[in-house]
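Undergrad: Structure for this input, please:
(4 chains)
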Number of protein chains: 4
Amino acid sequence: MKSVPAERTDDALWQQQVRALIEVGRELHARGWVPATSGNFSARLSDTEIALTVSGFHKGKLDEAGIMRADMQGCAVGSDKRPSAETLLHTQLYQRYPDVGVVLHVHSLNATLISRAVQRSGTHDLVLAGYELLKAFPGNTTHATSMRVPVFENEQDIPRLAAKVDAWLDANDPVYGYLIAGHGLYAWGRDMAETLRHLEAFDFLFECDLRERGMRNT
Amino acid sequence: MKSVPAERTDDALWQQQVRALIEVGRELHARGWVPATSGNFSARLSDTEIALTVSGFHKGKLDEAGIMRADMQGCAVGSDKRPSAETLLHTQLYQRYPDVGVVLHVHSLNATLISRAVQRSGTHDLVLAGYELLKAFPGNTTHATSMRVPVFENEQDIPRLAAKVDAWLDANDPVYGYLIAGHGLYAWGRDMAETLRHLEAFDFLFECDLRERGMRNT
Amino acid sequence: MKSVPAERTDDALWQQQVRALIEVGRELHARGWVPATSGNFSARLSDTEIALTVSGFHKGKLDEAGIMRADMQGCAVGSDKRPSAETLLHTQLYQRYPDVGVVLHVHSLNATLISRAVQRSGTHDLVLAGYELLKAFPGNTTHATSMRVPVFENEQDIPRLAAKVDAWLDANDPVYGYLIAGHGLYAWGRDMAETLRHLEAFDFLFECDLRERGMRNT
Amino acid sequence: MKSVPAERTDDALWQQQVRALIEVGRELHARGWVPATSGNFSARLSDTEIALTVSGFHKGKLDEAGIMRADMQGCAVGSDKRPSAETLLHTQLYQRYPDVGVVLHVHSLNATLISRAVQRSGTHDLVLAGYELLKAFPGNTTHATSMRVPVFENEQDIPRLAAKVDAWLDANDPVYGYLIAGHGLYAWGRDMAETLRHLEAFDFLFECDLRERGMRNT
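TA: You can find the predicted model right below:
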């Protein structure tokens, strides 16, 4: 997706993104990936604004009141709704990648467990190799490859965490998601379809890796 | 939620709580958390009365006949329906905490297994630490904390069990749920939305803990 | 349920049992308990006849054509539909217990795995103890009890298997189900609601036992 | 199913197969068997043509635009849609077996994990034995049998992989599916109902085998 010019940030695009975020919330809650009002989702409105879930809402039962506009500094636009503390983790991706249209953050069981397992093993990234499903990510044309997914230590200081994410993304090969230990997964893509594809592929590969750790350990 | 004044215990509130209990039954049965007519749910009507599921009904297929009024001593009000033997475990929470509006008791697989695992390990509580999802509970503002969930030995003598629960709650930091070994989870909150949030967070954290025990043991 | 007198085996009762069997098929297939057209279900029509699923139909997509009448010898009544080879395992229960109204046979993963695990351990029954959910079965009033579920070796010679089941039931305390190794579970009750309650409780307890074997072994 | 004569490859048959492929996509995606646009499905139109899912579509949200006609060489017929790279793995089965009407390829977790476990164990096939559900496959009349499912090394060179599949099928007893390591399962049958039956039976048996490997290893 090309970035949407500011003049097109009209009501039609807002309505479309609101519907997409409501629908993805239902889908992801049904899978158990956003338990207990956790997680947050956003979609690009323009070079300077995004639509974003409001903090604390049940993600399986969103309506338009649960979505807000925010600017790239993570401040509310046109309302006094409270953006999630983690809004900066969304906006940094829209600013870094002009073709990113959607960011989804989930707390799936697999993301939580694999991120803690990686941390316990004393390493800072998860290496996924040999799976056909690696081809779900742009740039992978064969299973005979490997992909590194960074695992950041959890922080409540979001600007500090955002800085670590930026530093890692500056220094490494392109990736479409990262883990925060004991917390969850951030994933992104050009549009909702691509981002969901990445999310499904990540969660599947995390589960494979967790199950194989179990088998190897025994 | 402030406690509801007695004079407002009218039919409209009754109808609203009945609908909420029917709907939550469908949701929790679909997740497998109330197998085989197990579990029971209640919602506050006033300082002196609650709406409560009748003993022995299928929790995924409730209708108004499956809900009854009870007073704070656990006796039926306005009907000869049979309250669950465990009604006292509900009413003690409404009496102890004026702002509690909903109590949900489930027999999920994770609650059953973790409560037995804690008991086998010779301890009397489950300590959950380091998870972002701990922030789903009021008072937790960071993952860098730990939460103790008590595990009581199962009893068929409900007044005796209720006394043990009261003693524990008197002596410890606030908590929003407890386990009964080989039996299940009691969870509570101000209203249905908060109580469901606590329930989802508990079950997720129980599953994480069970899976990590498995990984540590191997 | 009292046994239904023969003169009431009218079309209304047939229609009611057909609807109940179609609905339970959808439910049990959605849970994955009757994979690949496996499983079979029956409901009593009278002292001499039952309604029974026809062999080989997809249990999640049944219609009236997938249900037939059979007599207590397992022969088709009023049609040339083919009863399942295992029909005798149903009829022996209706003949033995006049108050049994429904028999459900499923191939759930938990039933399959636990039956093989018991067999590998060199024993012939599964002992379930200490679970609150044991109270889902008539006669259990406390968790502080244990229940033996027999596990029969699988056979293709159904009359021989039926004879072994009869002999076991003659010699032991009442039970509401049995396992066939590597095959599945037979469960029964007075009516559909009670039989489903037994089925859900069995499967939950089988899963608990499997998971605890895993934890004990490590 | 007898092979469909070429002259019947009319619009009615096309519409029927399109509907069947759309519906099976929804079903299999709901089970998590085609994550992230993976998997592909086909149904025979005639001796010379099949209906086939277009590469890269979300399999749970297919519409007619996501289905195309292809000939037995894997080339698009009547459109410039892009057939999946793996089309040859479908057409080789329709050419080899005149009575095959449907081929379903899925990336289920169980297929992925068992195929890698077999490969790690240094063998080239999975042997399934002693399960009642083996009778879901034509030719098996008792649980007291065993079935070999080949596991091929994953390849991006599809003609080479197809040649290995042909060689294996030439040399061995009939089978209704095969695994590709770290990739997934191909399964086939006379029609959609039979192919789904095989698919459900395979996945169930793969899960049993994976779980028993876990139990044996501990």
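
Undergrad: Roughly how far does A:Lys61 sit from C:Arg197?
TA: 30 Å (C-beta to C-beta, to the nearest Å). Heads up, the C-betas are built off the backbone N, CA and C, glycines and all.

Undergrad: quick one: which of those two has more around it?
TA: A direct count of neighbours by other C-beta atoms under 10 Å in any protein chain shown for A:Lys61 and C:Arg197 places C:Arg197 higher, at 23 against 13.

Undergrad: which element is that one on?
TA: helix C:192-217 (DSSP states H and E).

Undergrad: Give me the contact status of that helix with chain A.
TA: No: Helix C:192-217 lies apart from chain A when judged by C-beta under 8 Å from any C-beta of the partner chain; the minimum separation is 9.0 Å.

Undergrad: Could you tell me how many residues sit around A:Ile99?
TA: No, residue A:99 isn't Ile; it's Asp. Neighbours around A:Asp99, by other C-beta under 10 Å: 13.

Undergrad: now swap in A:Cys208 and tell me
TA: 21.

Undergrad: What's the local residue count around A:Glu23?
TA: 12.

Undergrad: no no, A:Arg148
TA: Count around A:Arg148 with other C-beta under 10 Å applied: 15.

Undergrad: Give me the secondary structure label for it.
TA: State at A:Arg148, reduced to three classes by DSSP: H, G, I helix; E, B strand; the rest coil: strand.

Undergrad: which residues does it contact?
TA: By C-beta atoms under 8 Å, 6 or more residues apart in numbering or on different chains, the contact set of A:Arg148 is A:125-127, A:172-173, A:175.

Undergrad: Try it again at 10 Å.
TA: By C-beta atoms under 10 Å, 6 or more residues apart in numbering or on different chains, the residues touching A:Arg148 are A:124-129, A:168, A:172-173, A:175.

Undergrad: With A:Phe57 instead?
TA: Per C-beta under 10 Å, 6+ apart, neighbours of A:Phe57: A:25, A:37, A:40, A:63, A:65-67, A:84, B:193.

Undergrad: same thing with A:Cys75?
TA: So A:Cys75 contacts A:69, A:83, A:87, A:91 (C-beta under 10 Å, 6+ apart).

Undergrad: can you tell me which helix or strand A:Gly25 belongs to?
TA: helix A:11-30.

Undergrad: What is that helix packed up against?
TA: Under the contact criterion of 3 or more C-beta pairs under 10 Å, 6 or more residues apart in numbering or on different chains; DSSP states H and E, helix A:11-30 touches strand A:40-44, strand A:49-53, strand A:67-71, strand A:102-106, helix A:192-217.

Undergrad: one more time with 7 Å
TA: strand A:40-44, strand A:49-53, helix A:192-217 (3 or more C-beta pairs under 7 Å, 6 or more residues apart in numbering or on different chains; DSSP states H and E).

Undergrad: Now the phi/psi pair for A:Ser121, please.
TA: Backbone torsions of A:Ser121, given as degrees, to the nearest 10, read phi -80, psi 0.

Undergrad: Equivalent analysis for A:Ala76, please.
TA: phi -60, psi 140.

Undergrad: For A:Ala43, which non-adjacent residue is closest in space?
TA: Excluding the flanking residues, the one nearest A:Ala43 by C-beta to C-beta, 6 or more residues apart in numbering or on different chains is A:Gln17, at 4.1 Å.

Undergrad: Could you report the separation of that neighbour from chain B?
TA: 25 Å (C-beta to the nearest C-beta, to the nearest Å).

Undergrad: Around chain B, pick out the residues from chain A.
TA: Proximity of chain A to chain B, by C-beta under 7 Å from any C-beta of the partner chain, involves residues A:35-38, A:58, A:107, A:109, A:112-113, A:117, A:154, A:156, A:182-184, A:213-214, A:217-218.

Undergrad: Need the buried ones from those residues selected in ChimeraX.
TA: Applying 16 or more other C-beta atoms under 10 Å in any protein chain shown to the residues of chain A next to chain B, the buried members can be selected in ChimeraX as follows:
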select /A:35,36,37,38,58,107,109,112,113,117,154,182,183,184,213,214,218
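
Undergrad: Get me the contact residues on chain A for chain C.
TA: Of all the residues in chain A, none lies near chain C, going by C-beta under 7 Å from any C-beta.

Undergrad: Rank the helices and strands of chain A by mean pLDDT and give me the bottom one.
TA: Taking mean pLDDT, DSSP states H and E as the measure, chain A has helix A:192-217 as its least confident helix or strand, at a mean of 93.

Undergrad: Give me the below-cutoff pLDDT ranges for chain A.
TA: Along chain A, the model assigns pLDDT under 70 to residues A:1-9, A:216-218.

Undergrad: Contacts for stretch A:184-202 next, please.
TA: Residues external to stretch A:184-202 that are found in contact with it (C-beta atoms under 7 Å, 6 or more residues apart in numbering or on different chains): A:1, A:20, A:24, A:89, A:93, A:99-108, A:111-112, A:133, A:136-137, A:176-179, B:132, D:35-37, D:58.

Undergrad: Quote the end-to-end distance of it.
TA: 11 Å (C-alpha to C-alpha, to the nearest Å).

Undergrad: Run the chain-centre distance for that stretch.
TA: How far stretch A:184-202 lies from its chain's middle: 7 Å, per C-alpha atoms, centre = their mean, to the nearest Å.

Undergrad: again with stretch A:109-120
TA: Chain-centre distance of stretch A:109-120: 16 Å, with C-alpha atoms, centre = their mean.

Undergrad: is that stretch anywhere near chain D?
TA: No: using C-beta under 7 Å from any C-beta, stretch A:109-120 never reaches chain D; the gap is at least 10.5 Å.

Undergrad: picking up where we left off before, the contacts of A:Cys75 into JSON lines, with extra columns for secondary structure and neighbour count?
TA: Putting the contacts of A:Cys75 into JSON lines (DSSP: H, G, I helix; E, B strand; the rest coil; neighbours: other C-beta atoms under 10 Å in any protein chain shown) gives the following:
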{"residue": "A:Arg69", "secondary structure": "strand", "neighbour count": "20"}
{"residue": "A:Pro83", "secondary structure": "strand", "neighbour count": "25"}
{"residue": "A:Thr87", "secondary structure": "helix", "neighbour count": "26"}
{"residue": "A:Thr91", "secondary structure": "helix", "neighbour count": "22"}
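
Undergrad: give me the subset of these touching chain D.
TA: Counting by C-beta under 7 Å from any C-beta, no member of these reaches chain D.

Undergrad: sorry, back to before: tabulate the helices and strands packed on helix A:11-30 (CSV), appending distance to D:Gly78.
TA: Listed next are those as CSV, based on distance: least, C-beta to C-beta, whole Å:
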stretch, distance to D:Gly78
strand A:40-44, 37
strand A:49-53, 41
helix A:192-217, 26
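
Undergrad: Those: which one's closest to C:Ala76?
TA: helix A:192-217 (46.1 Å; C-beta to C-beta).

Undergrad: what angle sits between that closest one and helix B:192-217?
TA: 40 degrees (axes from the mean of the first three to the mean of the last three C-alpha atoms, to 10 degrees).

Undergrad: got the buried residues for helix A:192-217?
TA: Neighbour-count burial for helix A:192-217 [16+ other C-beta under 10 Å]: A:192-211, A:213-215.

Undergrad: next one: stretch A:67-87
TA: Those would be A:67-72, A:74, A:76-77, A:81, A:83-84, A:86-87, for stretch A:67-87 by 16+ other C-beta under 10 Å.

Undergrad: what does stretch A:24-42 give?
TA: In stretch A:24-42, counting by 16+ other C-beta under 10 Å, buried: A:24-25, A:27-29, A:32-42.

Undergrad: next one: stretch A:122-138
TA: A:125-126, A:128, A:130-137.

Undergrad: Just name the closest of those residues to C:Asp10, please.
TA: Distances from C:Asp10 to these, taken by C-beta to C-beta, are shortest for A:Leu133, at 56.1 Å.
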